Structures are given as structure tokens and as C-alpha cells.
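Engineer: A structural model of the following input is requested.
(2 chains)
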Amino acid sequence: MRINKALPSIVLIDDDEVDIMNFERAMLHLSVVNKFHIFKNGEEARRAIAASQGNISKPFAIIVDLNMPKMGGHELIKALRERRELIGVPVFVFTTSDAEKDREEAWELKVNGYFIKELSQHSYLQTLKVIIDFINSSEIPQ
Amino acid sequence: MEKQLHRLLQRQIRKHFSDAHSIPDELKDFLSSVNLAYSEFDSDLKYFEGILEQSMRELFIANNELQTKVDVSEKETEILRDEIENIVDNINEVVFKTDLNGNWVYLNSAWEKLTGISVEDSLGSFSLNLLESKHAKKINEDFTSLLKSTRTQYNRTVSFTSSKGEDKWLSIKAKVLTGSDKRVMGLIGTIADVTEKHLAEEKVKWLAAVIEKTNNTVIITDADKHIIWVNNAFEKLTGYSLHESLGEKPGELLQGKHTNLETINEIRERIRLNENYTGTILNYAKDGRKYWVQLSIDPLFDLDGELEGFIAIQADVTEEINARNELIRSEALLKAVLDSIPDYIWAIDDSFKVTFANDATKRDLKAIYGVDIEVGKDMRNLYGNKDQDAWEAFLESSLTNDFKRERIVRIIGDQKRFFDVFFHPVIELQEKTGAVLYIRDISDEIQSQLNLEEKTDQLKKAQILADLGSWVFDGKNTVSCSEKMIEWLNLSSEKVDFMDFVKAIDPFDKTELRSFFLEPDKEDFTTEHELELPENSSRILRTMAQRSRFQNSNRSIVRGVSLDITQQERVKNQLKEHATELESMNTELNQFAYAVSHDLKSPVRAVYNLAHFVLDDLPKDDNKARHKLEMLIQRAQFMELLINGILNFSRVGRKKYAISSINTEQLIRQLLDSLDIEKETSVSITGKWPKIESEEVPFIQVFSNLLSNAIKYGMAKEKGIMLKSFQDTMPQFAHFSVQDFGKGIEKRYQERIFDIFQTLDESSNGKGTGIGLAIVKKIIADKGGRLWLESEEDKGACFHFTWPIDKIE
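Structural biologist: Numbers count the residues shown, from 1 in each chain, chains lettered A, B, ... in the order given. Below is the predicted model:
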């Protein structure tokens, strides 16, 4: 995959250092050409997105963990959904939680996908590949 | 004659008769012949001189005889005249004679008797004028015309009033009297007093009319009993006309099929004896209609005592007889009715004698009064009655009072019996002539009443024991309370005013009780309310009220029960607290499990991922390090299994799934397909698998875990699995088993295997976490089913469980 400026950049919000490592290694492993930004918690991400006024690198997609310090995933998604300029930004939950409560809450916030981090390296890669492929394949207005 | 008479004879005649003219006629012929004889004698004197001498003597004798005869004749004539006059004066009829003008010239003494006017005063005038009679003038005219006419007879009956004021009827008969030269000389005739005869005739006419008009039928027969006359009433009643009846015998005409034979015979016998008969008989009219008559037959005799015939008088008594029969019938009916009643009914007259007793009385009353009750018996003397005086007084008063009722008690056999005695006077023509006594055995009612009282008492006691209070509002203004209510509400009496009750039971008007009482639309009401008690305590009552309505009335009563639920409320509150506590603990546990799963998972994943990173970065030939890292990854994976197991376990029973209709066999086959077990394992399914109403997910979970258990530990891949459904268990439950044919489970481990984290293999071999069976146990316990194991070492293990057929709320 070569860098394609038309491809959406990807924003990852995850507090787990190992998972961030996992994400970076997977991006490398999958030769993803999209740009990506990583935030360690929701608050940080929200502020950054708000500061850039939604122009971190438009277009972009968000992959978010749920259980995080300061501002959790749900809270962040809710905050993002309230901003008019972010309407249409795809949001994917990628979390260790398979709790029904979490899933329901996420879908109520109209997430575009909900994926569970399995233990095996293989399944992590697979899931991430699906998300990236989805983002890259989906036509987005310029 | 004298010139012709012989001188001797003349001398003789002169001698005997003073005057020749006075010789009676009858002697004249005789004298002529004597004269002749004298003449002949004179002429033949010589011849008969001697004879004359003799004849003189004979003549003398004859003369004597003649003299005697003349005497006798004169005397007889006198007597005759006297007798005639006597007769004329003594007859009752007036004999009269008038002159040419109709004036009386002769009247006998009867005239005076009849008219009260003397004969002397009447002669010379037409004295009928003197009578008070409207007919007098007419008779005068009649007489005058009679004297001028050629008619010779007159006959008339007239009425007049005598000088004494008596009404009289006179029959006047007159005849024209003519002389030898046929010249009219006057009238002779008679006047007879016919008053009695006239009245008798009038009476007969009247009687005849009565007989003709009477409603009673009258039949007159001749001596041979053939009808010679019937009256109108007969024709009307029988339909036979006089003409039809004439010559018939009454019996043959009128008697019929149902006429009593004895009556007929009796009538015949009486008639035969010429005696009177009186009686009642059924007769038939011409049209076949039956009727009853009161019959009276009398023989009729003439003046000489000869039987002339019979007179029968009949009164139609059909209605009376029918009424009597009706009376007899209704009396019989009344008696039957009274006899059919099991109660005792009898009657006494005003001298205390029994006049009536129904069958029950005759049969049973001896047991009550100690004597038989018979019609005619004086009931004052009941020697069997201990309270003789009271009894008599009671009887007396029953005849003097209008109505009386008394309850008496008798010991009959070994039973105490109760009777209600009702007295009712018999009133005839506004006078009390007796009394009816009606006696009812009310022992059973009394017994029921006693039983009821006993039951009520028991109920009261039960209420007290049950801490239950009851009350009744009469719909007006009074509430009757049970003992408990009185105690709880601190009431002064059993019956309290409605407002006092409401104030006591709901002092601060916190419930709708007050409005319930006043709103008759509501049918029932339940409330719980607290009553403050001294010393800062309180009593909680649950009050339930229900309205009962009277038919045809707006009124309704309210029945209520109150229950002291203070203790219950306390327990309930405690229970609530505990439940809340439990809930929060559960929530905590959930949160704990959730936190654990997440918090434990993260480091495990981190360890796992890092191990992978290291493994990826490690040179390919460092096998020792790689092996160790792979073991690390394996353990991390097992760690995740355990964590997921704990999560699953903690979720059992907390999550509710939809209930659906499950075809168990079909579901199990789908499960086997989805698990893809049958590729490597032979699974046999036996028995009749039921349809159940249940949650699908936990049901599948149980089978899934048991199958997985059998595969892991039961050598299922080598020896197969058998799934079975049983029909022989409890009605509400299905019964299944999952059997493997592996090495089985030792008795001592059979309990332990269902505990969490318990496995019989070393955990290092990576087969199981020891959670599957624990989950099975927890699910089945949650559904109310039963789980048990049948196993012996080396003979496989068979897990049995039961599962409810219908959903359980």
C-alpha cells in the first residue's frame, strides 16, 4: 500500500500501552498507508479534535477503546457526536469489553462498528485489517 | 044443595055444621051420596023402614067416625100451617114477596137476621135501598124491568155492608108471581147469605194461583198413581208439559240411573201404606239433566176416607245438595291436607272437648302430653301433664284471648324436645266457640340455632386467636364490633356510633374509609393504616370492607375485617431491607466480576501480546527461549479462559432470555450440528423428546457444557456419547441424561466435580477450567431442576438432569 492522500487518517484512542504497541506493529505489519494519530485517553482526544476544529486530517476515522481513565470511550463518542462538523465521521469501538451494556450503549451512539480484542495476535490483526479495509474502501466526499 | 037435601040430612048437617058452606069439600061427595040415600029412602020408605032403623045405628056410628075424622083433619091443617110458617121462619134464606111495584109485601124473619132491619120497618118499601150496597140501585132496576118483561127468572150475587158493618155476599133469586088469570101479581124469591161460600171460593182460587205460581213443583195423581195434574213449576223444572205428563207415573217419568234405589223402595212402601213420605231424591229432567229435589208425598182422601190420589210437592234442592257435596268434598280435602302435615293440629270447643285432631296429632301427641288425644275428649284433664294448673289456665286463656303462642319443652325418650304451641280462636257469628291448637316440633331449629351460636362463639374465639377483628355497619348509624376491634380501637362498647368508629379506626382521615361508608356505589375497600399507641409505638391494621345490599332497598350494610399486621409489616420491612442489601451486594458482585474480567484480562492480554512481540523479535534459532515464551503465551491463554469462565458463571441467572416453544430433540440436533461434534464422535439420541416452554439459551448451555465435558473427560471421541430423554419423572419436568463411556468418576469426587475450578486433571494439561459443570449446576438450580451423576470408575459417567416443561415465573 502506498500513501494515498485521499485516504482518511485514522485516530486511535487507547490507554493500554501494549495495545498501542500492538496497533503500531499491526499497522506496520499490514503496511497501512493511512496516517494515524494516537491519544491515551478520551479527554486528550476530545481536546485535540476540538482544537483542530475537526481538521486533524480530514477525512478521518476514529477507533476507540471504552475503558479509559479521565474520559471513557462512550463519553468521548457522545462528545464527538454533539459537534456538527463531525457528523459523518465513522467511529469504531475496539475494546476488551464484551459486556452487553457496553455494546448497547455504543450502538445507541451510532457507532459504525464494535469489535472485541481477542487474546490471540492473529485475531487482533484480522479485526484491525477489516476496520482499515472498511475505512479505505468506503467512498467519502472530498 | 040445601033445597035438594033431604030434611033428615039437612037436620043432621045443621046439627053438625053451622053453615052448609063450611062443609069441607071432601065431605060433600059423601054428603051427596047420603042425601041420595035419604031421597031413595024416602021414595022407598016402606021398603027400607026396617033397614032405616038399622041404618040409623050404622049412620050414627059412621057419623061418629066422621066427626072424629073432621077433628083430626082440622088439627092437621093447623099443624101444617104452623109447621110451614115455622120452616119459613127458620130457614137461613130470606123468603120474600113483592107487589107489582117491587115493594116488599112479605119477608120472613131471616131478613132481619141478614140485614139487621126489622121486617115491619121493611114491608111496603123496596128495602134493598136501605142497604149499603152499590148494587142496590141496579137490583131495583132489575126487579122493575123483571116485572115488566116476559122473563120470569132472576139470579144474581151482590155484595153489601150490613148495618153491623159486615161485608156480606148475597145471592138473590127472584121469580115473577102470576095469578090464575096469568096477570102479574109481584115477585117472590129468596135472598141467601153466600159470604162464606164466596170467601171459600176466593180462597180456593187464591190457593190454586199459589200452586200454579209456586216454584215448587206440584204433582197430583189419582189413586193408581197416574198423573192427573202438574203445575207450571213442574213443566219448567222437568221439561215435561202437563199434556206429556198426564197419565204417566211420576217415578217412571222422573227417576233415572243414579236415583237411589233405597229411596225409591222407601217411597213405594210409604205409598203402598198410604203414608206421607218426605226425603231427598235425584231426578232426571226430560233433557237428561240431573237435579235434586226435596220431595214430600201425601195421600189425598175424600170425605168418606176413600183414597183419591196423591199430591207430591218437590223443591229443587240441586244447589243445596251440590253445595253440601262441595262442602263434604272440601271437608275431606281439608282433612287430607291437615293429615298430611307433620305438625300437630287439633281443636277444642268452648267446653275444652277435642273437636278435631289430625293424623300426626293422633299418632304422636301422646308422647308430648302423655295422653291420647281423641275427638270428644275433655282436654283439661291431662293427667300426664305435670303443670296441670298452668295448662288449664293456658287453655282458658286460649279461648278468651285472640291469639297465643307458647313454647313448651318435653323430655321424650332421652331427648329434649321443643315445641311451639299456637292457639287460634274459632269464631262463629262473632262468638268464640273454640280454639285451634297448632303445635310444631321445633327441636331441630332450636338445635341448629344452638349449633349456630356455638359456631359463632367458635368463630369469635378463632378471630381472637387469629388476631382478627370484625365489625358490621348497619347502614344507618351503628357499628357492631368484635372483641378484638374493641380492644384495638379502645372502644367503650360493642355497639358504637358510626362516626365514633370512623374516628377511632382512622383518626386523621388518612384513608378512604370514611368516604367508602358514605358512597354507596363502591362495593369493597381495602386499606392499611397506622394507629398511634402510647409510648411512641403504633399498630398497623389492614382493614377490608365489603358492602352487602338489601334487595329492593337503597340501604346497604358494610361488613369489615381488620387484621393486626404490625408484626408482618415489621418483618416485611426487614425483608425489604435485606432484599435491598442483597441487591446491592449482587450489584457489587456483578461490578466486581466485570471489573475482574476486564482488569484481569488487560494484563493477561498485555503479557500475551508482549510475549508475542518478543517471540516475533527473537532470532529463529533460539529455541529454548521460544519454547518458554510459547509456554507463557499458553498460560496467558488459559488465564483468559478462566476469566471468561468466571464471567459466564457470574452471569448465570442474572440475565433473562425470551421464553419460546422448544422442540428439544430438534434443538439438540441443531446444537450437535453447530458444534460439529459428530464428525469425530458418535452421538446416539434415544427416548421420546418432549416439547417444552423455556429459555433456549441456558438449556443449550447445559447440553453444550455436558457434551463438552464428555468429550474432554469421557473419551467420547473413542467411545461415543448417548443422549437420552426419560418419560418417567415428575409431571412438571422433563428428564434428560448425557452419558459417556469413559473411565468414570470415583465416588469420592462425584460431589466435588460440580464445584467451580474443580477438575480431576492437572490444570497444566490445558483441558478444562473446572467451570463448565459449575455453570451447569448453577443453571439447573436456577430453573428449579435437579442434577445428579451416576458413575462408577471405568464404567463411564451419566449426568442426569430435570428441566421444567412450562415456564416458571
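Engineer: C-alpha only now, for contacts and for neighbours.
Structural biologist: OK.
Engineer: residue B:562 and residue B:465: what is the separation?
Structural biologist: In this view, residue B:562 and residue B:465 are 13 Å apart by Cα to Cα, to the nearest Å.
Engineer: tell me which of these two has more neighbours.
Structural biologist: Each of residue B:562 and residue B:465 had its neighbours counted (other Cα atoms under 10 Å in any protein chain shown), and the higher figure belongs to residue B:562 (23 against 10).
Engineer: what sits against the nearest residue to residue B:768 once chain neighbours are set aside?
Structural biologist: Computed as Cα to Cα, 6 or more residues apart in numbering or on different chains, the closest residue to residue B:768 that is not its neighbour in sequence is residue B:759, at 7.0 Å. Residue B:759 is in contact with B:753, B:768, B:769, B:770, counting by Cα atoms under 8 Å, 6 or more residues apart in numbering or on different chains.
Engineer: list the contacts of the third one.
Structural biologist: For residue B:769, the contacting residues are B:638, B:641, B:642, B:645, B:757, B:758, B:759, B:763, by Cα under 8 Å, 6+ apart.
Engineer: emit the ChimeraX select command for whichever of those are buried.
Structural biologist: The following ChimeraX line selects those of the contacts of residue B:769 that are buried, judged by 16 or more other Cα atoms under 10 Å in any protein chain shown:
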select /B:638,641,642,645,757,758,759
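Engineer: ok, so of the contacts of residue B:769, who is nearest residue B:557?
Structural biologist: residue B:645 (65.4 Å; Cα to Cα).
Engineer: so which of the contacts of residue B:769 is the closest to residue B:30?
Structural biologist: Distances from the contacts of residue B:769 to residue B:30 were compared by Cα to Cα; the smallest belongs to residue B:645, at 206.4 Å.
Engineer: where does that closest one sit, in terms of helix or strand?
Structural biologist: In this structure, residue B:645 is located in helix B:623-651 according to DSSP states H and E.
Engineer: quick one: contacts for residue B:367?
Structural biologist: With contacts defined as Cα under 8 Å, 6+ apart, the neighbours of residue B:367 are residue B:412.
Engineer: helix, strand or coil for it?
Structural biologist: Taking DSSP: H, G, I helix; E, B strand; the rest coil as the rule, one finds residue B:367 in the helix state.
Engineer: show the pLDDT at the residue nearest to residue B:737 when sequence neighbours are not counted.
Structural biologist: The spatial neighbour of residue B:737 that comes closest, neighbours along the chain excluded (Cα to Cα, 6+ apart), is residue B:800 at 4.3 Å. Among the per-residue scores, residue B:800 holds a pLDDT of 93.
Engineer: circling back: got the contacts of residue B:759 as a markdown table, with pLDDT and secondary structure columns?
Structural biologist: A markdown table is the format used below for those (pLDDT from 0 to 100; DSSP: H, G, I helix; E, B strand; the rest coil):
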| residue | pLDDT | secondary structure |
| --- | --- | --- |
| B:753 | 83 | helix |
| B:768 | 72 | coil |
| B:769 | 77 | coil |
| B:770 | 80 | coil |
